[in-house]
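Enquirer: Test case, fold it:
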Amino acid sequence: MPGIAEVLHARFVAHAYPLHVHDTWTVLLVDAGAVRYDLGHRAHGTGSLVTVLPPHVPHDGRAATSAGFRKRVLYLEGDALPPALAGRAADAPELPDPRLAAAVRQLHAGLLDGREPLEVQSRAAVLVDAVGAHLSRAPAAPARDQPLARRLRSLLDAHVVEGLALARAADELGVTGAHLVRTFTREVGMPPHAYLTTRRVDLARRLLLAGHRPAEAAVLAGFHDQSHLNRHFRRVLGTTPGRFAGR
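Expert: Below you'll find the model as predicted:
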């Protein structure tokens, strides 16, 4: 469906997401249990509220209790919402509106049971508009992403598959490699190599959903081989590429 990159339903008990990033907007609804997570250097928690995580901001996630949690997630394409709202989502990701939660549930139900496409597309359009309206009412967030970190992030995003040597990035940006790593880690919340790896995992997810076999997805996403992909995919998502693709 236009605007929706992926839909994920999952239950986790022991798995904890490490810091990772997406190039999509994450619209999360917890159906059972509660989740604790860090987003942009700040600790958060969510239960039955709709939570919206912006693209390119590192976050993790773990169950708040030993019972684990069950969740439904909509991954919206990066251009589904205005980029200016990313800072507001990073500062206030929980949207305390029961009507919004009901709209998310209805959209998931429509996606699952194969309703008339126009109905589902209409629900999706109204939901995205409502999320944007909520974020627009939140206080404007101060810019935290320093220009140097932002420029390196753009370089990494442009070289996800082939990778980028630190010396080349430092030379292009006119600073030392050590200064570049320190600045990026401080401002973004994770070192450049970790950011690049999670972007590759994100790309591999897309490739698997598009029908590529795990071995193909591994190479196309920039990993050495399927074993390399398996290790990072399981660390981030708590399951293997083969099982993910099979479901």
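
Enquirer: all contacts plus neighbour counts: C-alpha atoms, from now on.
Expert: OK.

Enquirer: Strands of this structure, start to end?
Expert: Here the chain has its strands, by DSSP state E, at 4-12, 17-20, 25-33, 35-39, 42-46, 50-53, 59-63, 69-76, 94-95.

Enquirer: Helices of the protein, residue ranges please.
Expert: Here the chain has its helices, by DSSP state H, at 86-91, 98-113, 117-137, 147-158, 166-173, 177-188, 192-209, 214-220, 226-237, 241-246.

Enquirer: Switch these over to CSV; also include mean pLDDT.
Expert: Output for these, formatted as CSV (pLDDT from 0 to 100):
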stretch, mean pLDDT
helix 86-91, 91
helix 98-113, 91
helix 117-137, 90
helix 147-158, 94
helix 166-173, 93
helix 177-188, 91
helix 192-209, 95
helix 214-220, 96
helix 226-237, 95
helix 241-246, 90
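
Enquirer: Turn the ones you listed into JSON lines, columns for distance to Ala16 and mean neighbour count.
Expert: Formatted as JSON lines, the helices of the chain follow (distance: least, C-alpha to C-alpha, whole Å; neighbours: other C-alpha atoms under 10 Å):
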{"stretch": "helix 86-91", "distance to Ala16": "20", "mean neighbour count": "22"}
{"stretch": "helix 98-113", "distance to Ala16": "24", "mean neighbour count": "16"}
{"stretch": "helix 117-137", "distance to Ala16": "27", "mean neighbour count": "15"}
{"stretch": "helix 147-158", "distance to Ala16": "25", "mean neighbour count": "16"}
{"stretch": "helix 166-173", "distance to Ala16": "29", "mean neighbour count": "14"}
{"stretch": "helix 177-188", "distance to Ala16": "20", "mean neighbour count": "17"}
{"stretch": "helix 192-209", "distance to Ala16": "15", "mean neighbour count": "21"}
{"stretch": "helix 214-220", "distance to Ala16": "23", "mean neighbour count": "21"}
{"stretch": "helix 226-237", "distance to Ala16": "8", "mean neighbour count": "18"}
{"stretch": "helix 241-246", "distance to Ala16": "17", "mean neighbour count": "15"}
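
Enquirer: what's the closest of the strands of the chain to Ala133?
Expert: strand 94-95 (10.7 Å; C-alpha to C-alpha).

Enquirer: Parallel or antiparallel, which strands does the closest one pair with?
Expert: Taking DSSP bridges as the criterion, strand 94-95 forms sheet pairs with strand 50-53 (antiparallel).

Enquirer: Need the contact partners of stretch 184-197.
Expert: Outside stretch 184-197, the residues that touch it by C-alpha atoms under 8 Å, 6 or more residues apart in numbering are 19-21, 40-41, 57-58, 144-146, 148-149, 152-153, 156-157, 160, 163, 181-182, 232.

Enquirer: cool, and stretch 100-115?
Expert: Residues outside stretch 100-115 that contact it (C-alpha under 8 Å, 6+ apart) are Leu29, Ser48, Leu49, Val50, Arg72, Glu119, Val120, Arg123, Ala124, Leu127, Ala130, Val131.

Enquirer: Closest one of these to Arg205?
Expert: For these, the nearest to Arg205 is Arg72 (16.5 Å; C-alpha to C-alpha).

Enquirer: wait, doesn't the closest one sit right on His9?
Expert: Yes: with contact defined as C-alpha atoms under 8 Å, Arg72 counts as touching His9 (4.6 Å).
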